[in-house]
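A.B. asks: after the sequence you'll find the predicted model.
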Amino acid sequence: MRRPPRGVPRTEYASRDYFDVWLAELAPSASLLTWAQSAPLSDRRWATFARRYRAEMKRPEAARLLRLLAGLSTTGHLSVGCYCLDETRCHRSVLRELLGEAGAVLAD
């Protein structure tokens with residue numbers, strides 16, 4: 001069995017089909033995720049999270065994946081999912097921005 005995404009209990013993960021591909025390199029680091037979950041995400045904390053996550057996405061392996069996904073988006077569809085209830089306070093909203101900056105075709 002593959003390792004579940006951070007925050008998803010192994011027993012729950014094993015019983016459901018969550019995704020086609022999980023790219024852990026595009027997830028926030030465990031330390032950043034722990035920091036983000038340690039207190040409510042006020043506007044100031046959210047800005048700090050987004051800045052730190054963007055810095056993590058400059059790592060070579062993450063940057064390559066962002067460019068790859070941006071390229072794939074020109075010939076097909078892809079979806080980004082997460083377990084956060086509020087997209088405005090979720091890394092996937094920053095990931096969407098990063099994909100757009102990398103040239104991805106984004107749906108409205």
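C.D. replies: It's in. Numbering: from 1, shown residues only.

A.B. asks: what's the spacing between residue 59 and residue 53?
C.D. replies: With distances taken as CB to CB, to the nearest Å, residue 59 is found 11 Å from residue 53. For the C-beta atoms, the positions are set from N, CA and C on the backbone; glycine is no exception.

A.B. asks: which of the two has more neighbours?
C.D. replies: Legend: neighbour count by other CB atoms under 10 Å for residue 59 and residue 53, higher for residue 53 (21 against 12).

A.B. asks: hang on, the more buried one packs against residue 28?
C.D. replies: Yes - shown here, residue 53 and residue 28 form a contact pair, counting by CB atoms under 8 Å, at 5.4 Å.

A.B. asks: give me the contacts around stretch 63-77.
C.D. replies: 23, 25-26, 57, 78, 98-99, 102-106 (CB atoms under 8 Å, 6 or more residues apart in numbering).

A.B. asks: tell me the mean pLDDT over stretch 53-67?
C.D. replies: pLDDT averaged over stretch 53-67 equals 97, rounded to a whole number.

A.B. asks: please apply the same query to stretch 95-108.
C.D. replies: 93.

A.B. asks: how far does that stretch stretch from start to finish?
C.D. replies: Its first and final residues considered, stretch 95-108 spans 15 Å by CA to CA, to the nearest Å.
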